[in-house]
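**Q** Just to be clear, the model below is a prediction. Sequence and coordinates:
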Amino acid sequence: MSGEAQGRMNIWKPSVYYALGNESFRFAGHDISIRESLDTYGSLIWPGAIALCQFLENNQQQVNLMDKAVLEIGAGTGLLSIVASLLGAWVTATDLPDILSNLAFNLMRNTKGRARYTPHVSALCWGQNLDRDFPYSLFHYDYVLAADVVYHHNYLDELLQTMHHFCRPGSRTTLLWANKIRFQSDLKFAECFKSNFNATLLAELPHEEVRIYKATAK
């Protein structure tokens, strides 16, 4: 069996239970407790994040995050950034300003005293003030992570623009995107994504309707 096929078999084994508005997981040898909220989409955990966490944990030779600079866009509750931190990455987790308080709370609670580097939290609105807030000359990342950032919203062009800003020719940045395919617009964005980047399908979970892509700049 090829390494890719083996990787596809091994990525979906989450252990999760619910208690008092929290979700609990175990990744990278640690128990992780995530505080959720029903107020916004960004305060809930979505299946793409769980799938990508499991993929990163089970495929550390293929995607080695140790001592790597990692940016997550649309970090939400922070689960994916927490797992990346526990796997040794220097992480910057970003989302809309009203998401950051809960994001920072979850990151601190689950990485303090556990992670090699203290993760950072920063506001990032897709497509807005990227050159001002994240000038390319100063902000370079080995990996950009995105999980379930494509759903029924009107900012897909801005999302693609943000991906291009961080993953541009000569950057040596790898983009990892996981998403549950819910709508026809999701498939349309996936085709646009593949035409804009050198994209490879790393894993597909038919039952969960989740795909995980790896991409670099063309």
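**A** That came through, no problem.

**Q** buried residues in stretch 130-145?
**A** 130, 134, 141-145 (16 or more other C-beta atoms under 10 Å). C-beta here means a position set from N, CA and C on the backbone, and glycine is covered the same way.

**Q** Which one of these is nearest to residue 22?
**A** Closest approach between the buried residues of stretch 130-145 and residue 22, by C-beta to C-beta: residue 145, at 22.4 Å.

**Q** Is it correct that the closest one falls within a helix?
**A** No: judged by DSSP: H, G, I helix; E, B strand; the rest coil, residue 145 forms no part of a helix; its state is strand.

**Q** Which pair of the buried residues of stretch 130-145 spans the longest distance?
**A** 130 and 142 (18.5 Å).

**Q** if we can go back for a sec, can you put the buried residues of stretch 130-145 in CSV and add distance to residue 51 and pLDDT?
**A** Output for the buried residues of stretch 130-145, formatted as CSV (distance: C-beta to C-beta, whole Å; pLDDT from 0 to 100):
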residue, distance to residue 51, pLDDT
130, 27, 97
134, 26, 97
141, 21, 98
142, 21, 98
143, 16, 98
144, 17, 98
145, 12, 98
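
**Q** ok, so of those residues, who is nearest residue 78?
**A** Among the buried residues of stretch 130-145, and counting by C-beta to C-beta, the member closest to residue 78 is residue 145, at 11.4 Å.

**Q** Let me see the contact set for that closest one.
**A** Residue 145 makes contact with 52, 70-73, 80-81, 84, 176-177, according to C-beta atoms under 8 Å, 6 or more residues apart in numbering.

**Q** Apply 7 Å and report the result again.
**A** Residue 145 makes contacts with 52, 70, 72, 80, 84, 176, as judged by C-beta atoms under 7 Å, 6 or more residues apart in numbering.

**Q** next one: residue 166
**A** Contacts for residue 166 (C-beta under 7 Å, 6+ apart) come out as 71, 141, 144, 173.

**Q** Name whatever forms a beta bridge with the third one.
**A** Read that as residue 144. residue 71, residue 175 (DSSP bridges).

**Q** Generate CSV for the buried residues of stretch 130-145, with distance to residue 123 as supplementary columns.
**A** As requested, the buried residues of stretch 130-145 are exported to CSV (distance: C-beta to C-beta, whole Å):
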residue, distance to residue 123
130, 12
134, 11
141, 17
142, 22
143, 20
144, 16
145, 17
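
**Q** just those now: which is nearest residue 211?
**A** residue 145 (14.7 Å).

**Q** and the gap between that closest one and residue 95?
**A** 12 Å (C-beta to C-beta, to the nearest Å).

**Q** Do a quick rundown of the strands in the chain.
**A** For the chain, strands defined by DSSP state E occupy the ranges 17-19, 22-27, 30-35, 69-73, 90-95, 120-123, 143-147, 174-180, 197-205, 210-217.

**Q** hmm, back to that, closest to residue 182 out of the buried residues of stretch 130-145?
**A** Using C-beta to C-beta, those come closest to residue 182 at residue 145, 19.8 Å.

**Q** what's the nearest residue to that closest one if we skip its chain neighbours?
**A** residue 72 (4.4 Å; C-beta to C-beta, 6 or more residues apart in numbering).
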